Every structure is written in structure tokens, then in C-alpha cells.
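[1] Sequence and predicted model, in that order:
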Amino acid sequence: MSDSNSFPPPPVPAEPIASAPQHRPNAFFFGRFGFRAGYGIAIYIVCWVIFTFIGGFVGLGLSGKLKPVIQAQMQASQEIRTWKATHPGEKMPDSEKPKPKISFDFVPSIVIGSDGVTFFGMLALAWLLSRAERRKLGWYGIGANRLRDFIPGAFWGLVALSTLVFTLHAMHLLYFDGRLLYGVPMLVYGIKWLIAFLFVGFAEEYFLRGYMQYTFTRGVFGLGEMISPEKARAIAFWIAAFLLSILFACMHLGNKGENGLGILQVFIVGMVFAYVLFRTGSLWWAIGFHTTWDWAQSFLYGVPDSGNISVGRLFQTHFAGKPLLSGGPDGPEGSLLCIPIFIIMIFVIRFTTKPGPLPPLEQLPREEVFVTDAHAS
């Protein structure tokens, strides 16, 4: 028989559960938009240099120029070693240093190899960074509106360059001396150059106005807020576009025959391409324009493209008159008449393209990082 006065012991009150400590990312590496923009841009530029270097070797290999280049460099190194052996302890004067004489023709295989490797390398890197930074790859300009923007951009690139060329011809600043290609060679070179400049459009537009434009924008967003809190996103976008267009112009400084006006106009067209990205949220219009603009110069009309004369062009041409108007050795891009063409393109973009949203600057929730987003074609 149990004791009537015995009761089960009272429950022991549970100890309060300590709240889990909040994870605060290191402010040195992370900001309000995640991994700080400067680090991502630095990684991207370093890798771009590496991919460009590798692409140069691939392009030389495809064109059959790699072996002569290596042989010329080896011969120069041997001459230097021989000189040092006969002049111990002396410094070789610059005037006596061997300078390998190597000619590089502007051929489609070099362009396809170099720009193809560069683009696919940067695309793969952008994919890795998008996953690490919890963003969608399509946010860097190539996720949507592919055909809708690419085809009109390609059309207007051909129209714009043709208008410029025929204006120069009508003003007796540009002359067609004769046709160089017929039949199958014409078709083959036309296709090769189209592929080559498609890679150029992808490589240059995606490098400067893809990951870089997006990441630079979030990097200077605070400066945009200081200028105007209500329009911070737009201001940050245009600060980034301005600086990257300067970089775009600087990338053309090494082109043979390039002049100051041509460099200025590369900057201007960089801003035009930034405008179409700002309006549509897509790089595809600019990629299309870039492709056919260069293709029409180098193949269709046979004029210099930033000073480069292509092998496998349809016509032989020459310029006359003042280089300020004709473009001279730089080609049509170095002509003052190029500026009104680009101004007209701003209105074309404004009235012929459909507005599209810019991607958010904030990171995705972790569970959405690997979700595949549907892309409009």
C-alpha cells in the first residue's frame, strides 16, 4: 500500500536555452551586398590577363605562327647568351639587344583562338563567382532577351557602319580600288570573320559590361547614395560605366594605326553600349552590334579596323583627304563623322528596344543559389 502523503517530485524547471550566436561576416571581406566588389574585380582582372595570355598562344597555334615565334625568341636568347659569354661582367647595351622580327597578320584564326579562349574562360570564372557570391549567372547580362536583342543589334551595327562607309565614299574620303575575293573563298572568309568577331563581341562586352559592370556598380553604390539616395542605383551604374569605358578605350591603345580620335570614339561607343545595357538589362544588343560593326569593317568593306588590315577582305580600299574626316590609317572609327552615327544609335536604342529590369544587387538566399532560372529567348 502506498503512502498517501507521497507525491511525485515536482518537475525541475528547464534551463533557459541560450540563443544561437548570430553569424556576422568579416567586415573586411563582406559588405551589405556580400563579398566586397573590389576583391571580385581584382580576381576577374587577374584571370582575364591569364586567359588573354593563354588565348594568344592558342590563336598563334591555330594560325601556324606559334612555332616561328618560339624559334625567334630562342634565337634571340641564344644571341644574348653568346654576347654575355664574350663580355663577362658587362651589361648588354639596349642597342645591341636582338629584336626578333615577327610579323603578325590579322587573320581570323588568331582572333577566334584568342578571343574564344578569353570569353569562355571569363564565362566559366563568372559562373564560379556567381555561385560563390550567391547570384545568378544571368545577372551579368547574358541571361535574357537573347534573340530579341541580338538580332536588332546586329542589324543596326551593319546599318551604322555601312552608313558611315558610304558617307565617306560620297565625300571622296574613301575609295574602293577593286574586289579581292570571289566564289568559295569569299564565302569561307566571310563565315570565318563572322565567327571571329562574334567571339570579339562576346569577349569584350562580357569582360567589361558583364560581371565587371554589375560588380563595380554595387561597389560604388555607397557613393551613389551620397550623391542622391533616391537614384543611387542609376548613379552607381553610370559611375561604373564611365570608368569601364575608359578601360575599354585603353584596351585599344596598342592597336596599330589607332589615333586619338579613334580612342575617344571607343570610349563613346562604350558608353552607348552601357546605355543599352541600362535600358534593356541585357548585353545581347551590344554583342550583336559589336559583331557586325567589326565584321563589316574588316571583311565586307575591307577598311582598317582600329588600324588592323584583315587578311581575307572583300575589297581593297584606300583613304584620301584629312585623316580627321577620313579616319586615315585608323579606319572609319577614327573619323569625326563617327560621332553623329553613335548619337543616332542612342535614339535608335531608345525607340526600338524594350525596357528590361536591372538585376538586384542583393545576394540570393542560400537555398536559391543553385536554382536554374528560366531565360527568355
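    Here it is on my side, so go on. The structure presented is a predicted model; accordingly, all values stated were derived computationally and were not measured.

[2] CA atoms for contacts and neighbours, from now on please.
    OK.

[3] what bits of the stretch 151-300 of the chain have low per-residue confidence?
    Applying pLDDT under 70 to the stretch 151-300 of the chain flags residues 255-258.

[4] Quick one: the helices in it, in order.
    183-206, 212-219, 221-227, 232-250, 260-280, 284-295 (DSSP state H, counting those that start in this stretch).

[5] which helices and strands sit right next to the shortest one?
    Judged by 3 or more CA pairs under 8 Å, 6 or more residues apart in numbering; DSSP states H and E, helix 221-227 is in contact with helix 232-250.

[6] Pull out the buried positions in the helix it packs on.
    The neighbour-count criterion (16 or more other CA atoms under 10 Å) identifies 232-242, 244-246, 248-249 as the buried residues of helix 232-250.

[7] again, but for stretch 130-140
    Across stretch 130-140, burial judged by 16+ other CA under 10 Å covers S130, R131, E133, R134, R135, K136, L137, G138, W139, Y140.

[8] Out of the helices of the stretch 151-300 of the chain, which is the most enclosed?
    Highest mean neighbour count of the helices of the stretch 151-300 of the chain: helix 284-295, a mean of 27 (counted as mean count of other CA atoms under 10 Å).

[9] Just checking: what are the partner strands of whichever helix or strand comes after it?
    Counting by DSSP states H and E, the next helix or strand C-terminal to helix 284-295 is strand 315-319. Next to strand 315-319 in the sheet, as set by DSSP bridges, lie strand 174-179 (antiparallel).

[10] how about Q213, what does it touch?
    Contact analysis of Q213 by CA atoms under 8 Å, 6 or more residues apart in numbering lists Y140, F237, A240, A241, L244.

[11] Can you lay out the residues you listed as CSV showing distance to F119?
    CSV is the format used below for the contacts of Q213 (distance: CA to CA, whole Å):
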residue, distance to F119
Y140, 13
F237, 23
A240, 21
A241, 20
L244, 17
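
[12] max-length helix in this protein?
    For the chain, the longest helix by residue count, based on DSSP state H, is helix 37-63.

[13] List the buried residues of that helix.
    Using 16+ other CA under 10 Å as the test for burial, helix 37-63 gives 37, 40-41, 44, 47-48, 51-52, 54-63.

[14] Flag every buried residue along stretch 308-320.
    For stretch 308-320, a neighbour-count test (16+ other CA under 10 Å) marks N308, I309, S310, G312, R313, L314, F315, Q316, T317, H318, F319, A320 as buried.

[15] Kindly indicate which of the contacts of Q213 lies nearest L174.
    Each of these was checked against L174 using CA to CA; the closest is L244, at 32.2 Å.

[16] Surely the closest one touches G210?
    No: counting by CA atoms under 8 Å, L244 stays clear of G210, with 10.9 Å between them.

[17] so who does the residue nearest to L261 when sequence neighbours are not counted touch?
    Of all residues not flanking L261 in the chain, G334 sits nearest, at 5.5 Å (CA to CA, 6 or more residues apart in numbering). Neighbouring residues of G334 by CA under 8 Å, 6+ apart: 258-263, 265, 306, 323-328.

[18] Could you check how far the nearest residue to H290 once chain neighbours are set aside is from V220?
    Nearest residue to H290, sequence neighbours excluded (CA to CA, 6+ apart): G201, at 5.2 Å. Remark: distance between G201 and V220 (CA to CA, to the nearest Å) = 26 Å.

[19] Can you tell me how far G224 is from A232?
    With distances taken as CA to CA, G224 is found 4 Å from A232.

[20] so what's the residue nearest the centre of the chain up against?
    With distances taken as CA atoms, centre = their mean, the chain has E204 as the residue nearest its mean C-alpha position (2.3 Å). Shown in contact with E204 (CA under 8 Å, 6+ apart): F119.

[21] out of the contacts of Q213, who's nearest G89?
    Out of those, the member with the shortest distance to G89 (by CA to CA) is L244, at 46.8 Å.

[22] burial measure for the closest residue to that closest one other than its chain neighbours, as a count.
    Among residues not flanking L244 along the chain, L208 sits closest, at 6.3 Å (CA to CA, 6+ apart). The tally of other residues near L208 (other CA atoms under 10 Å) stands at 20.

[23] cool, and L181?
    Residues lying near L181 (other CA under 10 Å) number 16.

[24] In this structure it contacts R313, no?
    Yes: L181 is in contact with R313 according to CA under 8 Å; the separation is 7.2 Å.

[25] that older thread, please determine how far the residue nearest to H290 is located from A232.
    Distance from G201 to A232, by CA to CA: 29 Å.

[26] Now do the contacts for the residue nearest to E362 when sequence neighbours are not counted.
    Nearest non-adjacent residue to E362, counting by CA to CA, 6+ apart: F33, 5.2 Å away. For F33, the contact set (CA under 8 Å, 6+ apart) comprises R218, L361, E362, Q363.

[27] which residues sit in contact with the last one?
    Contacts here follow CA under 8 Å, 6+ apart; on that basis Q363 touches F33, G34, E133, R134, R135.

[28] what secondary structure does it sit in?
    Assigned by DSSP: H, G, I helix; E, B strand; the rest coil, the conformation of Q363 is coil.

[29] Now the phi/psi pair for it, please.
    Here is the backbone geometry of Q363 (degrees, to the nearest 10): phi -70, psi 160.

[30] Against F319, how distant is it?
    52 Å.

[31] swap in the first one?
    When CA to CA is the yardstick, R218 and F319 sit 45 Å from each other.

[32] next one: the third one
    E362 sits 51 Å away from F319, taking CA to CA as the criterion.

[33] go on, the second one?
    Using CA to CA, one gets 48 Å for the distance from L361 to F319.
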